[in-house]
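J.: missing the sequence, but the structure's below:
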């Protein structure tokens, strides 16, 4: 056997077929079109600013089109950040209620004067549970709904995970550990912003605006919290600012009342 063919086999790796084709100084043809669009936008101001007015637009267009750090242009990164801020505002505050003023308020006062209690819970994973456990949860959820007499309102959505419980506690540390602590704190904040959790608000309304109805509403709220705990979720009774925010998201024109 020829010595040249002895040894382990060697497989040649073909060239990549998914490489993007460059167009002059632009990484992609779309970037060249973007540069032309920036120039066209600057041409609109030529009658007012003269030919010099188009120069900033051309410079910005060339910067945003030809320079793509980490594969993403600066304007695309800015648009992604604005979209993330809009989604975060739409999803609302983190699941953990934030402390604020008005912590003594425990009810929402509806338009007809009846008190309303709001319980907030997260969720529990059910995708990989055995069939018997899923059937038990289904039956328990049915019992929970049948036990809720009176008016009940449910609102389900998502919210970013609160980062406060996972951040390191503020403590005096050596100077060489300060950078590591700051980096870890930033990592936790980024991961929690990207992690969405289920948030479910259960609103219980009294039948009438009387002291007896408020007492019965307290009993209903306590029983509902116990049944939710049996389902594996941990409900939280909303008060103060978090309660008023929940009422606004339900679409009620109500004010927190003590």
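T.: Right, received. Where do you want to start? Worth saying up front: this structure is predicted, and the values here are computed from it rather than measured. Numbers count the residues shown, from 1 in each chain.
J.: can you pull out the strands in the stretch 1-150 of the chain?
T.: Using DSSP state E, counting those that start in this stretch, the strands of the stretch 1-150 of the chain run over 107-109, 115-121.
J.: Please produce JSON lines containing these, extended by mean pLDDT, mean neighbour count and distance to residue 141.
T.: Backbone N, C-alpha and C define where each C-beta goes, glycine included. Listed next are the strands of the stretch 1-150 of the chain as JSON lines, based on pLDDT from 0 to 100; neighbours: other C-beta atoms under 10 Å; distance: least, C-beta to C-beta, whole Å:
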{"stretch": "strand 107-109", "mean pLDDT": "80", "mean neighbour count": "21", "distance to residue 141": "25"}
{"stretch": "strand 115-121", "mean pLDDT": "88", "mean neighbour count": "22", "distance to residue 141": "12"}
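J.: Dump the ones you listed into CSV; add distance to residue 76 as well.
T.: Below are the strands of the stretch 1-150 of the chain laid out as CSV (distance: least, C-beta to C-beta, whole Å):
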stretch, distance to residue 76
strand 107-109, 42
strand 115-121, 36
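J.: Compare those and give me the one nearest residue 138.
T.: strand 115-121 (17.0 Å; C-beta to C-beta).
J.: Please give the centre-to-centre distance between the closest one and its chain.
T.: 22 Å (C-alpha atoms, centre = their mean, to the nearest Å).
J.: packing partners for it?
T.: For strand 115-121, the contact count by 3 or more C-beta pairs under 8 Å, 6 or more residues apart in numbering; DSSP states H and E identifies strand 107-109, strand 196-205, helix 211-230, strand 236-237, helix 240-250 as packing neighbours.
J.: repeat that with 6 Å
T.: strand 196-205, helix 211-230 (3 or more C-beta pairs under 6 Å, 6 or more residues apart in numbering; DSSP states H and E).
J.: List the backbone torsions phi and psi for residue 73.
T.: Phi and psi for residue 73, reported as degrees, to the nearest 10, are phi -70, psi 170.
J.: Pull the contacting residues for the residue nearest to it when sequence neighbours are not counted.
T.: Excluding the flanking residues, the one nearest residue 73 by C-beta to C-beta, 6 or more residues apart in numbering is residue 64, at 5.1 Å. Residue 64 sits next to 73, 74, 75 when contact means C-beta atoms under 6 Å, 6 or more residues apart in numbering.
J.: ok, and the most crowded of those residues?
T.: Neighbour tally across these (other C-beta atoms under 10 Å): the maximum, 19 neighbours, falls on residue 73.
J.: so which helix or strand takes in residue 180?
T.: helix 175-194 (DSSP states H and E).
J.: quick one: low-confidence ranges for this protein?
T.: The chain contains residues with pLDDT under 70 at 1-7, 13-24, 27, 87-104, 170-176, 253-258.
J.: So which residue is dead centre in it?
T.: In the chain, the residue lying closest to the centroid (C-alpha atoms, centre = their mean) is residue 160, at 3.7 Å.
J.: pretty sure that one contacts residue 190?
T.: No: using C-beta atoms under 6 Å, residue 160 makes no contact with residue 190, being 10.9 Å away.
J.: Neighbours of residue 35, how many?
T.: 23.
J.: which ones are touching it?
T.: Contacts of residue 35 by C-beta under 6 Å, 6+ apart are 61, 62, 65.
J.: any idea how far it is from residue 63?
T.: Distance from residue 35 to residue 63, counting by C-beta to C-beta, to the nearest Å: 10 Å.
J.: Highest neighbour count among the contacts of residue 35?
T.: residue 65 (24 neighbours).
J.: check contacts around that one.
T.: Residue 65 touches 26, 31, 34, 35, counting by C-beta under 6 Å, 6+ apart.
J.: That's all I had, so thanks and see you.
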